[in-house]
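A.B. asks: sequence first, then the predicted structure, then my questions.
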Amino acid sequence: MNQLLRDRSNTWIFVAGAAAVTLGVVLHLPMFWMARMDHFRLAGMAMDSGMLAGMGLIVAGIAMACYGMLPKNLAQQIHASRHISVAAPEDAPLSPAHFRLMLVLVVALVIDVMKPASLGFVMPGLTAEYGVSKAVGALVPFAALTGTVVGSILWGVASDIYGRKASVLLSAIMFVGTSICGAMPSLGWNIVMCFLMGAAAGGMLPVTYALLAETMPSRHRGWALVLVGGLGASGGYFAASGFSAWLEPVWSWRILWLLNLPTGLFLLLLATQIPESAKYLLARGRRAEAQKVMQQFGTQSHEHGSAEEDVDFTVVHASGPEQVRGLWSHGMAGTTLALSLLALCWGFINFGVLLWLPADLVANGVKLAAASGLIARSALIAVPTVAVVAIIYSRWSTKLSLVAVTLVAVAGLLGVIAMKANAALSPTLLLALLIVGTNGMLAIILPYAAESYPLHIRGRATGWIAACTKAGGLGAQALSIAALVPPLGVAAGFVVVPALVAVVLTLLCCRETRGIDLRQVDQATASVA
């Protein structure tokens, strides 16, 4: 398939697995199409033999794809990955390879972020079709967010062991398979499949930021990380609201899940354009290929005496459990606490306040298409601000930029409170302020985390922070399940205080990373893990 798979004798197993997953999804489409005369309502219909066979193919295909990605000497690779870290090309100029990678990862993040962002637009139609209360319907986003928490942690660890690219490919395969959420006739199956969808989607963010941090030169790393993250976050939310306004009135809420099929296949195609981690290649003993990858991103900015010296790497002696404890060890605990709390606040805003927003607008007499269009316009306004966020992150201060966008989000929350108190206020402007702040937080917090931790725990560290972003949403959805959802203004006010506490912790505990050589982070924290 590409360089990642050429050294495996079971490449055909991976390809066959991907084909099986795709075929399994296609077998669900006839039942969806048969319900077109009833506006694609499938609730209560029995699953036909084609759907059952399709589910079997999806499960078998994912298992085959996972097996196809495993190296022959798995135990040796796990051992080697614990003792090798690769220095990023700190002094290299930007090359076409950097820009290609940034473009690919932006598109990948848009697709990835679009799925959880679609939850808010799915819920009104889902609860209406299944005839359940909002509390029961909240089990769907709760399951999806639980999956993203699990996926963020597992994929972060997997990327440190198997390589960044392998994790992205497997995540894309699962993403395709979970598109059958849109064809499930029962709420129970929707809950199960949405959990798996979340687990697949949760793998993209930590892998993306870890990969970017390891390939971008230090003087360009800050703005590149934030630009990619910001465009991915705002683009994903805009895509979710745009597709909802465009397609949902005709194809029902189910189309937002069925879009996982084409977008997942496109994501799989994009993943083949992502370079493999040099760390993985070194762990496999493929030094010539590692040298080629690092050369592509400018590592060889100086002449060296031997071919082996062309690949700059540092040996770090740390065992697996020690690496995990490194997140909370002396010198790292304050940073982890501050970023975790910020991530939890972001999760409550994004998967609580913003997720409840469409239903709140509909409950107040706004049609769903109009509500989706309003949110889409607000998201569109937020897109140009990503460039501003990237500039202040790279030119001003990484730590203070994180503080600044958090305060913007707090201002947006206060705007929501004011909007609920005074209906005459412009909702587009206030929602844009909230979306700007939340997108800015997501655009900065994971890149900042990737720059704050040493390379040998970078994948799992960004995975942990990414998991916390979803865990905040789990708390919000737990309120939905318990039928304790507060009014939107009260929910917005609920998160203001912890967000301000997180700002203070960030100022006190976090370091400035603007322009820092990531090898300095590795050296300074080598004893932490």
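C.D. replies: Received it, and whenever you're ready, just let me know what you need.
A.B. asks: per-residue pLDDT, residue 18?
C.D. replies: The pLDDT attached to residue 18 in the predicted structure is 92.
A.B. asks: burial measure for residue 431, as a count.
C.D. replies: 24 (other C-beta atoms under 10 Å). Bear in mind the C-beta positions are built from the backbone N, C-alpha and C, glycine included.
A.B. asks: per-residue pLDDT, it?
C.D. replies: Here the pLDDT value assigned to residue 431 is 73.
A.B. asks: check the one 3 residues further on too.
C.D. replies: Turning to residue 434, the model gives it a pLDDT of 81.
A.B. asks: leaving out chain neighbours, which residue sits closest to it?
C.D. replies: Spatial nearest neighbour of residue 434, excluding adjacent residues (C-beta to C-beta, 6 or more residues apart in numbering): residue 412 at 2.9 Å.
A.B. asks: got the CA positions of the helix or strand harbouring that neighbour in PDB?
C.D. replies: Secondary-structure element containing residue 412, defined by DSSP states H and E: helix 398-421. Extracted in PDB, the C-alpha atoms of helix 398-421 (Å, rounded to 0.1, in the frame of the first residue of the first chain):
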ATOM      1  CA  THR A 398       2.200  30.300  24.000                       C
ATOM      2  CA  LYS A 399       1.100  30.300  27.600                       C
ATOM      3  CA  LEU A 400      -0.500  33.700  27.600                       C
ATOM      4  CA  SER A 401      -2.200  32.900  24.300                       C
ATOM      5  CA  LEU A 402      -3.900  29.900  25.900                       C
ATOM      6  CA  VAL A 403      -4.900  32.200  28.800                       C
ATOM      7  CA  ALA A 404      -6.300  34.800  26.300                       C
ATOM      8  CA  VAL A 405      -8.500  32.400  24.300                       C
ATOM      9  CA  THR A 406      -9.800  30.900  27.500                       C
ATOM     10  CA  LEU A 407     -10.900  34.300  28.600                       C
ATOM     11  CA  VAL A 408     -12.600  34.900  25.200                       C
ATOM     12  CA  ALA A 409     -14.500  31.600  25.800                       C
ATOM     13  CA  VAL A 410     -15.500  32.900  29.300                       C
ATOM     14  CA  ALA A 411     -16.700  36.100  27.600                       C
ATOM     15  CA  GLY A 412     -18.700  34.000  25.200                       C
ATOM     16  CA  LEU A 413     -20.300  32.100  28.100                       C
ATOM     17  CA  LEU A 414     -21.200  35.500  29.700                       C
ATOM     18  CA  GLY A 415     -22.700  36.400  26.300                       C
ATOM     19  CA  VAL A 416     -24.900  33.300  26.300                       C
ATOM     20  CA  ILE A 417     -26.100  34.300  29.800                       C
ATOM     21  CA  ALA A 418     -26.900  37.800  28.600                       C
ATOM     22  CA  MET A 419     -28.600  36.500  25.500                       C
ATOM     23  CA  LYS A 420     -30.900  34.300  27.600                       C
ATOM     24  CA  ALA A 421     -31.700  37.300  29.800                       C
END
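A.B. asks: show me what it is packed up against.
C.D. replies: Under the contact definition 3 or more C-beta pairs under 8 Å, 6 or more residues apart in numbering; DSSP states H and E, helix 398-421 sits against helix 333-348, helix 385-395, helix 427-452, helix 488-494, helix 496-509.
A.B. asks: deepest in the core, which of the ones you listed is it.
C.D. replies: Between these, the one whose residues have the most neighbours on average, counting mean count of other C-beta atoms under 10 Å, is helix 427-452 (a mean of 26).
A.B. asks: ok, the closest residue in space to residue 268 that isn't next to it in sequence to residue 467 distance?
C.D. replies: Distance criterion C-beta to C-beta, 6+ apart; nearest residue to residue 268, sequence neighbours excluded, is residue 172 at 4.1 Å. When C-beta to C-beta, to the nearest Å is the yardstick, residue 172 and residue 467 sit 20 Å from each other.
A.B. asks: which is the next helix or strand following the longest helix seen in the chain?
C.D. replies: The longest helix of the chain (DSSP state H) is helix 218-251. Per DSSP H and E, the first helix or strand lying C-terminal to helix 218-251 is helix 255-258.
A.B. asks: ok, then the element right after that following helix?
C.D. replies: In the C-terminal direction, the helix or strand that comes right after helix 255-258 (DSSP H and E) is helix 260-271.
A.B. asks: buried stuff in the helix holding residue 412?
C.D. replies: By 16 or more other C-beta atoms under 10 Å, the buried positions in helix 398-421 come out as 398-406, 408-410, 412-417, 419-420.
A.B. asks: ditto for stretch 171-191
C.D. replies: In stretch 171-191, residues buried by neighbour count (16+ other C-beta under 10 Å) are 171-185, 187, 189-191.
A.B. asks: likewise for stretch 462-480?
C.D. replies: Of all the residues in stretch 462-480, those buried under the rule 16+ other C-beta under 10 Å are 462-474, 476-477, 479-480.
A.B. asks: tell me how many other residues crowd residue 55.
C.D. replies: The number of residues packed near residue 55 is 20, by other C-beta under 10 Å.
A.B. asks: that one and residue 63, how far apart?
C.D. replies: Taken as C-beta to C-beta, the span from residue 55 to residue 63 is 13 Å.
A.B. asks: the residue nearest to residue 434 is in contact with residue 441, isn't it?
C.D. replies: No. Contact status for residue 412 versus residue 441: not in contact, 10.5 Å apart, counting by C-beta atoms under 8 Å.
A.B. asks: joint contacts of those two?
C.D. replies: With C-beta atoms under 8 Å, 6 or more residues apart in numbering applied, the contact sets of residue 412 and residue 441 do not overlap.
A.B. asks: not counting residues beside it along the chain, what's closest to residue 276?
C.D. replies: residue 165 (4.6 Å).
A.B. asks: could you report the pLDDT at that neighbour?
C.D. replies: 76.
A.B. asks: residue 448: what's it in contact with?
C.D. replies: If a contact means C-beta under 8 Å, 6+ apart, then residue 448 has 339, 398, 399, 402, 510, 513 as its contacts.
A.B. asks: kindly recompute the last result at 10 Å.
C.D. replies: The contact partners of residue 448, taken as C-beta atoms under 10 Å, 6 or more residues apart in numbering, are 209, 222, 225-226, 229, 335, 339, 342, 393, 398-399, 401-402, 462, 465, 506, 510-511, 513.
A.B. asks: now it: how far from residue 64?
C.D. replies: Looking at residue 448 against residue 64, where the rule is C-beta to C-beta, the gap reads 38 Å.
A.B. asks: next one: stretch 221-236 to chain centre, how far?
C.D. replies: The chain centroid and the centroid of stretch 221-236 are separated by 12 Å, computed with C-alpha atoms, centre = their mean, to the nearest Å.
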